[in-house]
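Student: Structure for this input, please:
(one chain, ligands or ions: 2)
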Amino acid sequence: MNDRKVLKVSNLNKIYVKKGSDKVEAIKNLNLEVKEGEIFGLLGPNGAGKSTFINILAGLVIKTAGTVNVWGFNLDINPRQVRASIGIVPQELNLDPFFSPRKLLEFQAGMYGVKKKDRITDTILEMVSLNSQAESYSRGLSGGMKRRLMIAKALVHQPPIIILDEPTAGVDVELRKNLWENIRLLNKKGVTIILTTHYLNEAEEMCDRIAIINKGELVALDSTENLIKKIKNKIVKLKLSKAIDISDGILDTLKVITKRDNSMTLSYEKDKLNIGEIIDFFNKKNIKIIDMSTDDGDLEDVFVSLINN
Ligand code: ADP
Ligand code: MG
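Tutor: Residues are numbered from 1 along each chain as shown. Ligands and ions are numbered 1, 2, ... in the order given. Just a heads-up that it's a prediction; the model follows:
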């Protein structure tokens with residue numbers, strides 16, 4: 001990875017004006033840069049402004065103010081070069097049911113003005129493992145194949161940047177793994193990846209750096225490693241051999257979030273307390289832990305934790 005910036009966004013604003021003059025400030029003074037060759041995650045809850053941001057880059061939404069620079073091209077001055085530099089994989093699957101993967105890719109290449117001799121349809125089909133289905137109708141493809149075809153479609157003009165909007169929304173575990181493998185492979189070939197998600201775990205697993213936005217504002221932007229360090233709270237879910245009443249603060253920073261029969265969910269700050277101390281606490285009371293899982297807390301916790309830093 002080098003330090004060249006392939007996306008620069010300065011003071012970006014988007015206000016949607018709805019009928020009846022209701023206004024929604026979807027993006028508020030957003031500033032960020034993406035480096036060449038990285039996997040960059042845009043993380044935020046529903047309604048944070050992620051799709052608005054992506055759609056501005058894609059030329060589908062007109063920004064209200066600010067500058068956007070993609071691959072050295074200013075969106076206001078060179079919109080076509082900007083479009084040529086990125087491949088967008090939208091959240092919705094919108095495929096013509098009667099187009100075969102090959103026909104779809106050829107059609108898309110035509111739309112981007114890629115000359116016949118410069119097309120790499122077969123290479124792309126192979127890359128997303130759709131070569132055996134190249135001539136089948138899209139409507140007969142499985143959900144996973146359709147997702148891969150959406151990625152394939154974004155690759156026909158060989159853009160140096162691929163942007164994926166919530167690529168795993170409604171996607172099962174097996175397919176997710178496969179999707180990530182495809183994305184990592186592209187990244188290894190030098191393609192810069194920008195993806196949005198509302199799952200922290202997903203961003204943590206995939207991204208070199210993460211920007212968190214909430215209500216259109218940038219809340220945090222850091223390397224994944226640094227960001228995870230800043231998240232103070234941990235969540236632990238326990239199933240115990242018998243019910244017990246415990247009060248908040250019985251161990252340093254420990255809080256009871258929910259409790260039902262023998263099960264409870266607790267939160268604690270990981271630099272003040274560790275899971276071993278929590279286990280010891282129950283052991284000393286002669287209560288066995290039947291099942292246990294820990295988690296990094298949800299996005300809300302992350303915001304609270306980051307804002308209070
Ligand atoms: P995300 O992708 O993070 O879920 P969106 O960018 O879709 O967020 O939405 C951000 C905000 O903008 C939300 O409040 C949403 O209701 C609003 N919004 C999105 N698209 C439109 C639109 N076309 N017209 C009016 N408001 C919109
Ligand atoms: Mg969205």
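Student: And the helices in the chain, which stretches?
Tutor: Applying DSSP state H to the chain gives helices spanning 50-57, 79-85, 101-111, 121-127, 143-155, 173-188, 200-206, 224-230, 275-284, 299-307.
Student: Would you confirm that Met145 contacts Gln133?
Tutor: Yes - in this structure, Met145 is within contact of Gln133 by C-beta atoms under 8 Å, at 6.2 Å. C-beta: built from backbone N, CA, C; applies to glycine.
Student: Do I have it right that Lys8 meets Glu36?
Tutor: No - with contact defined as C-beta under 8 Å, Lys8 does not reach Glu36; the gap is 11.9 Å.
Student: Name the nearest residue to Ala65, ignoring sequence neighbours.
Tutor: Asn13 (4.3 Å; C-beta to C-beta, 6 or more residues apart in numbering).
Student: Tell me how far that neighbour lies from Val61.
Tutor: 12 Å (C-beta to C-beta, to the nearest Å).
Student: re the thing from before, pLDDT wise, what is the residue nearest to Ala65 at?
Tutor: Each residue has a pLDDT score; the one for Asn13 is 98.
Student: residues near it, how many?
Tutor: Neighbour count of Asn13, defined by other C-beta atoms under 10 Å: 15.
Student: for Asn131, same thing?
Tutor: If we define neighbours as other C-beta under 10 Å, then Asn131 has 15 of them.
Student: Please tell me how far it sits from Arg148.
Tutor: Distance from Asn131 to Arg148, by C-beta to C-beta: 11 Å.
Student: From ligand 1, how far out is Leu273?
Tutor: Counting by C-beta to the nearest ligand atom, to the nearest Å, the separation of Leu273 from ligand 1 is 33 Å.
Student: likewise Ala109?
Tutor: For Ala109, the distance to ligand 1 - C-beta to the nearest ligand atom - is 28 Å.
Student: Quick check: phi and psi on the residue in the stretch 201-309 of the chain that ligand 1 sits nearest to?
Tutor: Of all residues in the stretch 201-309 of the chain, the one sitting closest to ligand 1 is Gly216 (6.8 Å; C-beta to the nearest ligand atom). Main-chain dihedrals, Gly216, degrees, to the nearest 10: phi 80, psi 0.
Student: Got the confidence number for Asp3?
Tutor: Here, the pLDDT recorded for Asp3 equals 82.
Student: could you list every residue that touches it?
Tutor: 35-36 (C-beta atoms under 8 Å, 6 or more residues apart in numbering).
Student: Go again with 7 Å.
Tutor: Lys35 (C-beta atoms under 7 Å, 6 or more residues apart in numbering).
Student: and it, how far is that from Leu185?
Tutor: 24 Å.
Student: For the residue nearest to Ala65, which residues are in contact?
Tutor: Contacts of Asn13 (C-beta under 7 Å, 6+ apart): 27-29, 63-66.
Student: Where does pLDDT dip in the protein?
Tutor: Where the chain drops to pLDDT under 70, the residues are 1, 296-309.
Student: domain ranges for it?
Tutor: The record's domain parsing of the chain by automatic domain parsing lists 1-84+203-229, 231-307.
Student: Would you mind finding the most buried of those?
Tutor: Stretch with highest mean neighbour count among the domains of the chain: domain 1-84+203-229 (a mean of 17; mean count of other C-beta atoms under 10 Å).
Student: Run the contact check for that domain versus ligand 2.
Tutor: Yes - interface with ligand 2: domain 1-84+203-229 contributes 50-51 (C-beta under 5 Å from the ion).
Student: gap between that domain and the chain center?
Tutor: 12 Å (C-alpha atoms, centre = their mean, to the nearest Å).
Student: if I read this right, Ile163 contacts Ile86, doesn't it?
Tutor: Yes - using C-beta atoms under 7 Å, Ile163 makes contact with Ile86 at a distance of 5.7 Å.
Student: Give me the more crowded residue out of those two.
Tutor: Taking neighbours as other C-beta under 10 Å, Ile163 and Ile86 compare with Ile163 leading, 26 against 23.
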